[in-house]
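Visitor: fold the following for me, if possible:
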Amino acid sequence: MESTKLSYQWSLFSQTNPLNSSWTEVHQLQTMTGTTLNTSYLVINPNTLLPGRDYRLTVDMEDANGKDSNGFAVWLFRTSTIPDSGTCTTNTSSGVAVDTAFSFHCTNWQDPNEPLLYEFVLPLADGLSTILSYGYSTAVELILPPGDPLKNYTLTIEAVITSSIGSRADTSINVKVLPWPLMSTEEGSAEIRRLLEDPFAKLIARADFQQPIQLAIAVLKSLQLPEVVISKKERIEVKINWRRSLFSCIKQRV
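Guide: Numbers count the residues shown, from 1 in each chain. Down below sits the predicted model:
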């Protein structure tokens with residue numbers, strides 16, 4: 001028995017007017033896909049469909065051997081909306097690493113899939129990043145590390161707004177974060193001990209993990225700058241003690 005060999009042709013339509021159920025073909029579909037339109041499967045590339053839009057995807061199938069048989073399949077789907085129309089700003093455009101509490105506010109973000117989650121992210125080297133704060137509050141205070149000396153100590157904070165179904169939008173906020181004033185070895189060591197024994201320890205005791213992480217990142221980043229002069233041995237001790245305090249608190253809470 002001769003096996004059936006099918007040919008395929010994919011098409012995509014978007015609903016431009018829901019009131020009269022009119023559909024318009026998306027003629028640029030080939031530029032939106034990672035596969036050709038005549039294969040048995042279709043891969044649509046990310047970020048090519050419009051958010052909050054109804055689509056109709058069809059595939060027509062014919063017998064490639066020339067026999068008079070054909071078929072089709074149709075999928076109707078709606079893309080998720082993305083939080084929009086909002087802004088994120090800071091009331092504190094400049095300050096000093098570790099010492100200044102930077103206030104950030106996000107306003108007017110809208111999405112039907114609530115509640116919205118707000119994350120404030122610090123980009124690191126090699127494409128990595130760390131979350132400084134996350135939660136449903138639209139206003140936060142952050143303790144920040146020093147900015148890039150080659151960019152006049154400018155630091156970029158990414159605000160990520162995520163809906164309840166996982167769709168997300170992001171925006172960037174630039175602030176100027178100066179390093180600690182020039183310190184001697186004795187002054188730097190005393191300041192590190194004060195931070196470790198006072199604000200960090202109190203935050204850990206409250207099981208507040210976000211602010212201790214912010215403080216730890218800010219201090220450890222500051223230690224990498226020439227403005228803060230402490231010995232290599234003390235830098236290592238600071239890292240070990242802070243990690244030990246944080247992990248000890250987490251262990252007690254589990």
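
Visitor: and the pLDDT for residue 110?
Guide: According to the prediction, residue 110 has pLDDT 95.

Visitor: same check, this time on residue 143
Guide: 86.

Visitor: residues contacting the closest residue to it other than its chain neighbours?
Guide: Computed as C-beta to C-beta, 6 or more residues apart in numbering, the closest residue to residue 143 that is not its neighbour in sequence is residue 214, at 4.3 Å. Backbone N, C-alpha and C define where each C-beta goes, glycine included. Counting by C-beta atoms under 8 Å, 6 or more residues apart in numbering, residue 214 makes contact with 132, 133, 142, 143, 144.

Visitor: equivalent analysis for residue 42, please.
Guide: 10, 33, 35, 57, 59 are the contacts of residue 42 under C-beta under 8 Å, 6+ apart.

Visitor: what helix or strand does the residue nearest to residue 170 when sequence neighbours are not counted sit in?
Guide: Distances taken as C-beta to C-beta, 6+ apart put residue 160 closest to residue 170, at 4.7 Å, once the chain neighbours are dropped. In the assignment (DSSP states H and E), residue 160 maps to strand 154-162.

Visitor: now that strand: buried residues?
Guide: Neighbour counts over strand 154-162 (16 or more other C-beta atoms under 10 Å) mark 155, 157, 158, 159, 160, 161, 162 as buried.

Visitor: out of those residues, which is nearest to residue 74?
Guide: Taking C-beta to C-beta as the measure, residue 74 lies nearest residue 162 of these, at 31.5 Å.

Visitor: and that closest one, bridged to which residues?
Guide: Residue 162 forms beta bridges with residue 117, residue 168, as assigned by DSSP bridges.

Visitor: hang on, it packs against residue 119?
Guide: Yes. Residue 162 is within contact range of residue 119, at 7.0 Å (criterion: C-beta atoms under 8 Å).

Visitor: just the pLDDT at residue 177, thanks.
Guide: For residue 177, pLDDT reads 93.

Visitor: so when I look at it, I'm seeing a strand, right?
Guide: Yes. The assignment for residue 177 (DSSP: H, G, I helix; E, B strand; the rest coil) places it in a strand.

Visitor: residues contacting it?
Guide: 94, 95, 96, 97, 100, 102, 144, 145, 146, 147, 153, 155.

Visitor: what pairs with whatever helix or strand residue 8 lives in, parallel or antiparallel?
Guide: Using DSSP H and E, residue 8 sits in strand 6-17. Note on strand 6-17: by DSSP bridges, its sheet partners are strand 22-25 (antiparallel), strand 54-63 (antiparallel).

Visitor: quick check: buried residues in it?
Guide: Neighbour-count burial for strand 6-17 flags 8, 10, 11, 12, 13, 14, 15 (criterion: 16+ other C-beta under 10 Å).

Visitor: the fourth one contacts residue 26, correct?
Guide: Same thing as residue 12. Yes. Using C-beta under 8 Å, residue 12 is in contact with residue 26, at 4.3 Å.

Visitor: which neighbours do the two have in common?
Guide: What both residue 12 and residue 26 touch, as defined by C-beta under 8 Å, 6+ apart, is the set residue 32.

Visitor: skip the chain neighbours and tell me the closest residue to residue 41.
Guide: Counting by C-beta to C-beta, 6+ apart, the nearest residue to residue 41 once its immediate chain neighbours are dropped is residue 35, at 6.6 Å.

Visitor: does the one you found touch residue 43 like I think?
Guide: Yes. Contact status for residue 35 versus residue 43: in contact at 4.8 Å, counting by C-beta under 8 Å.

Visitor: who's more crowded, these two?
Guide: Comparing residue 35 with residue 43 by other C-beta atoms under 10 Å, the one with more neighbours is residue 35, at 14 against 9.

Visitor: now do the same contact list for that one.
Guide: 41, 42, 43.

Visitor: now the strands for the stretch 1-150 of the chain?
Guide: 6-17, 22-25, 54-63, 70-78, 87-90, 94-96, 101-107, 117-123, 129-135, 139-143 (DSSP state E, counting those that start in this stretch).
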